[in-house]
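*Asks:* Give me a 3D structure for the following:
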Amino acid sequence: MKQLKIMLVGVVIGVLIGLALGVNIGRDKPLLSNPFAKESLVDRAKQLGSETLEKSGKALEKTGQALQDKAR
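*Replies:* Below you'll find the predicted structure:
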(Lines give C-alpha, C1' and ligand atoms only; values in the text may rest on other atoms or scores of the structure.)
Protein backbone atom coordinates (compact mmCIF):
# COMPACT_ATOMS: atom_id res chain seq x y z
CA MET A 1 0.00 0.00 0.00
CA LYS A 2 2.86 2.35 0.79
CA GLN A 3 4.48 1.69 -2.59
CA LEU A 4 1.21 2.46 -4.37
CA LYS A 5 0.92 5.76 -2.53
CA ILE A 6 4.51 6.71 -3.43
CA MET A 7 3.93 5.81 -7.09
CA LEU A 8 0.71 7.82 -7.20
CA VAL A 9 2.41 10.90 -5.72
CA GLY A 10 5.26 10.49 -8.23
CA VAL A 11 2.84 10.29 -11.15
CA VAL A 12 0.95 13.40 -9.99
CA ILE A 13 4.19 15.38 -9.61
CA GLY A 14 5.38 14.16 -13.02
CA VAL A 15 2.13 15.21 -14.68
CA LEU A 16 2.32 18.69 -13.14
CA ILE A 17 5.93 19.18 -14.26
CA GLY A 18 5.12 17.82 -17.72
CA LEU A 19 2.17 20.19 -18.02
CA ALA A 20 4.31 23.20 -17.16
CA LEU A 21 7.01 22.16 -19.65
CA GLY A 22 4.38 21.50 -22.33
CA VAL A 23 2.91 24.97 -21.91
CA ASN A 24 6.36 26.50 -22.33
CA ILE A 25 7.03 24.40 -25.43
CA GLY A 26 3.70 25.47 -26.91
CA ARG A 27 4.48 29.15 -26.36
CA ASP A 28 8.05 28.87 -27.70
CA LYS A 29 9.51 29.90 -24.34
CA PRO A 30 12.53 28.49 -22.48
CA LEU A 31 11.59 25.25 -20.72
CA LEU A 32 12.28 26.43 -17.19
CA SER A 33 10.56 29.82 -17.45
CA ASN A 34 7.32 30.65 -15.66
CA PRO A 35 4.49 29.13 -17.74
CA PHE A 36 1.90 31.43 -16.16
CA ALA A 37 3.69 34.74 -16.84
CA LYS A 38 1.69 37.08 -19.04
CA GLU A 39 3.41 38.49 -22.09
CA SER A 40 2.36 42.00 -22.97
CA LEU A 41 0.78 42.77 -26.31
CA VAL A 42 3.61 45.15 -27.17
CA ASP A 43 6.23 42.43 -26.62
CA ARG A 44 4.28 39.97 -28.75
CA ALA A 45 3.93 42.54 -31.54
CA LYS A 46 7.66 43.30 -31.47
CA GLN A 47 8.50 39.60 -31.63
CA LEU A 48 6.10 39.00 -34.52
CA GLY A 49 7.44 42.03 -36.39
CA SER A 50 11.05 40.93 -36.04
CA GLU A 51 10.21 37.40 -37.18
CA THR A 52 8.33 38.73 -40.20
CA LEU A 53 11.21 41.06 -41.09
CA GLU A 54 13.70 38.21 -40.83
CA LYS A 55 11.63 35.90 -43.04
CA SER A 56 11.08 38.58 -45.67
CA GLY A 57 14.81 39.33 -45.70
CA LYS A 58 15.62 35.68 -46.33
CA ALA A 59 13.03 35.52 -49.13
CA LEU A 60 14.53 38.64 -50.70
CA GLU A 61 18.01 37.13 -50.54
CA LYS A 62 16.78 33.96 -52.24
CA THR A 63 15.11 35.96 -54.99
CA GLY A 64 18.23 38.06 -55.54
CA GLN A 65 20.39 34.95 -55.69
CA ALA A 66 18.04 33.34 -58.22
CA LEU A 67 18.17 36.47 -60.39
CA GLN A 68 21.97 36.51 -60.26
CA ASP A 69 22.14 32.85 -61.22
CA LYS A 70 19.74 33.44 -64.10
CA ALA A 71 21.76 36.41 -65.36
CA ARG A 72 24.93 34.32 -65.56
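
*Asks:* What strand or helix carries I6?
*Replies:* I6 is located in helix 2-26, with elements delineated by DSSP states H and E.

*Asks:* Check D43 too.
*Replies:* Following DSSP H and E, one finds D43 within helix 41-71.

*Asks:* Tell me the gap between that helix and the middle of its chain.
*Replies:* Mean C-alpha position of helix 41-71 versus that of the full chain (Cα atoms, centre = their mean, to the nearest Å) differs by 20 Å.

*Asks:* what mean pLDDT would you report for that helix?
*Replies:* Helix 41-71 shows a mean pLDDT of 90.

*Asks:* list the helices and strands it packs on?
*Replies:* The helices and strands touching helix 41-71, judged by 3 or more Cβ pairs under 8 Å, 6 or more residues apart in numbering; DSSP states H and E, number zero. Yep, even glycine has a C-beta here, placed from its N, CA and C like the rest.

*Asks:* Going forward, count from 37.
*Replies:* Sounds good: first residue 37 from here, last item helix 77-107.
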